[in-house]
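>>> Below is the structure, and that's it, no one-letter string:
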């Protein structure tokens, strides 16, 4: 493992945390207007935002800790995979307009991409015992 490999994972975790917090704040503060524009129910947007804020804070703590523990990194990766799957599944339960579908799919794609990048960065670290130091 090199310092650059570890920095790459930390950078991705920090980007993930920042985007998570930004989206969470946007959804909490603007659930109604975003819901009006996208035809996504306001409470779905609001509570998604409420969930994203503590998740983003946890990701920031993990990134700040220099990758944290193996369990913490895996929780972030698996949490992102779960968020992506639930986002797509949500389309079976609500009827957003085209803009709403695009928003849901775009954020699912971005979160899925972050999960993949985090996994690749984690895999490149080699000996996981060194990675969590």
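Now that the structure is in, tell me what you want to look at. What you see is a predicted model; the values in this text were computed from it and never measured.
>>> pLDDT on the helix or strand where residue 71 lies, on average?
Applying DSSP states H and E as the criterion places residue 71 in helix 70-90. For helix 70-90, mean pLDDT is 96.
>>> quick one: the helix or strand that comes right after it to chain centroid distance?
Following helix 70-90 in sequence order, the next helix or strand is helix 98-123 (DSSP H and E). Chain-centre distance of helix 98-123: 8 Å, with CA atoms, centre = their mean, to the nearest Å.
>>> Quickly note the distance from residue 64 to residue 14.
8 Å (CB to CB, to the nearest Å). The C-beta positions use only the backbone N, C-alpha and C, and glycine is treated the same way.
>>> Mind pulling the model confidence for residue 5?
Predicted confidence (pLDDT) for residue 5: 69.
>>> no, scratch that, I was asking about residue 63
pLDDT, residue 63: 87.
>>> Residue 45 - nearest residue in space that isn't next to it in sequence?
Using CB to CB, 6 or more residues apart in numbering and skipping the chain neighbours, the partner closest in space to residue 45 is residue 31 (4.1 Å).
>>> what helix or strand does that neighbour sit in?
Per DSSP H and E, the secondary structure element for residue 31 is helix 3-38.
>>> need the next SSE after that helix, C-terminal direction.
helix 42-64.
>>> list the buried ones in that following helix?
Neighbour-count burial for helix 42-64, with 16 or more other CB atoms under 10 Å as criterion, is recorded at 44-46, 48-49, 52-53, 55-56, 58-60, 62-63.
>>> Among these, find me the one that's closest to residue 92.
Nearest to residue 92 among these is residue 44, at 13.1 Å by CB to CB.
>>> mind listing what residue 117 touches?
Applying CB atoms under 8 Å, 6 or more residues apart in numbering to residue 117 gives the contacts residue 12.
>>> Give me the distance between it and residue 11.
Counting by CB to CB, the gap from residue 117 to residue 11 is 10 Å.
>>> any common contacting residues for those two?
By CB under 8 Å, 6+ apart, no residue touches both residue 117 and residue 11.
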